[in-house]
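>>> have a look; sequence and predicted model below, questions after that.
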Amino acid sequence: MKAAVLIKNGSAFKAFELRDVQMPSFKQGQVLIKVAAFGLNFADVMARKGMYKEAPPLPSILGYDVAGTIEEIGEGVEHLKKGDRVTAMTRFGGYAEYAVTNASAVAVIPDELDAATATALTTQYCTALYAASEMVNLHKGDTVLIQSGAGGVGTALIQYAKHMQCKIFATAGSETKINYLKNLGVQHPINYNRQDFEMVAKKITNQKGIDVIFDAVGGKSVKKGIRLLAPGGRLVCYGASALTSKNLFGKIKTALDFGFYHPAMLMMPSKSIIGINMLQIADHQPQVIERNLAAVMKLYSTGVFVPEIAKVFFATAIDEAHDYLENRKSIGKVVVQW
């Protein structure tokens, strides 16, 4: 089978090679999927640049979400069958014509749902739903700030927050993306290249602050976010995109910009910091992935979740797809198809 193999860390245009590789083997409780399309996530960019410690050693096959057809089923799998069209989360291995994953991370998709859109409903929408419904349990009337609102997870978070009737702030880096946020229903879009989100949010909330912040940026935005939280506020960190474009000294500075927090510093003002790594959740709590993926599909069927596809690339252009995502050209999900 063909696979887009990561052969070296660094530039997207030097990192990948399309190779013939062995078919993956599957075991009890797993399925083999013939992949029609796979999605890109910002963690892929981090892995490509050698900044994701859980990534497999080189040469490796990245990829966290795929859509396609079940080719084979391992023992003990009862809710799926050969020929089912599915979307699935993978623990790497998605950048290939065939991928293996645990059956708990697979959901059947309706015939009318195309493979590209299905990929957007896995890693990114599951991350968003887990963060918003289980980690912070959004309520009607909550004031929410979503960093990188025009990305895949950001889009999902906005749609869920709107569904929960929250007051929504969201950031983006261009006027095109700001207009996108407005169309999604964001009441207070903030262009972070022109405005300081902390100052804007404080002014609009009359210094009361924000109830929940979702942060995929890291660095100083976390430190600002902690200051911005209202009493009882929660800051959810699920990424660190600020690290990707820095040299060694820049990475050190950005890491320090996160700040250092003692429990007493959080306890006295009643603020919380929550970290999310969906790979760890999938490894240790597969039932969480299963129920959130099922919930995502239900929210899609009722029209709450409407994925936005930024662009679809062919596998031969995996380098262009990575560059497109890394340089923040995308609005929504970046997809690669065979």
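Yep, that arrived.

>>> what about the nearest residue to Glu290 once chain neighbours are set aside, how many neighbours?
Once flanking residues are discounted, Glu290 sits nearest to Ser104: 4.3 Å by Cβ to Cβ, 6 or more residues apart in numbering. Every C-beta, even on glycine, is put in place using the N, C-alpha and C of the backbone. By other Cβ atoms under 10 Å, the residues close to Ser104 number 21.

>>> show me what Asp65 is bridged to.
Met89 (DSSP bridges).

>>> that one reaches Ala115, doesn't it?
No - at 10.9 Å, Asp65 does not count as touching Ala115 under the criterion of Cβ atoms under 8 Å.

>>> Lys298: which element?
Here Lys298 sits within helix 286-301, counting by DSSP states H and E.

>>> for that helix, which positions count as buried?
Residues of helix 286-301 classed as buried: 286, 288-293, 295-297, 299-300 (neighbour count, 16 or more other Cβ atoms under 10 Å).

>>> before we move on, what about stretch 219-232?
If you call a residue buried by 16+ other Cβ under 10 Å, then stretch 219-232 has these buried ones: 219-226, 228-230.

>>> out of these, which one has the lowest pLDDT?
By pLDDT, Gly219 ranks lowest within the buried residues of stretch 219-232, coming in at 81.

>>> all helices for the stretch 51-200 of the chain, in order.
Assigned by DSSP state H, counting those that start in this stretch, the helices in the stretch 51-200 of the chain fall at 115-120, 123-129, 152-163, 175-184, 197-204.

>>> now what about the last one, what contacts it?
Contacts of helix 197-204 from elsewhere in the structure, counted by Cβ atoms under 8 Å, 6 or more residues apart in numbering, are 145, 147, 169, 171, 188, 190, 209-210, 221, 224-225, 227-228.

>>> of those, which belong to strands?
Mapping the contacts of helix 197-204 onto strands (DSSP state E) picks out 145, 169, 171, 188, 190, 210.

>>> pick the most deeply packed of the helices of the stretch 51-200 of the chain.
Compared across the helices of the stretch 51-200 of the chain, helix 123-129 shows the largest average neighbour count, a mean of 28 (mean count of other Cβ atoms under 10 Å).

>>> just the C-alpha atoms of it, please, in CSV.
What follows is helix 123-129, C-alpha atoms only, in CSV (Å, rounded to 0.1, in the frame of the first residue of the first chain):
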residue,chain,number,x,y,z
THR,A,123,-10.4,14.3,16.3
GLN,A,124,-11.3,17.9,16.2
TYR,A,125,-15.0,17.7,17.0
CYS,A,126,-14.4,15.0,19.6
THR,A,127,-11.8,17.2,21.2
ALA,A,128,-14.1,20.2,21.2
LEU,A,129,-17.1,18.2,22.7
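
>>> centre of the chain to that helix, how far?
Chain-centre distance of helix 123-129: 6 Å, with Cα atoms, centre = their mean, to the nearest Å.
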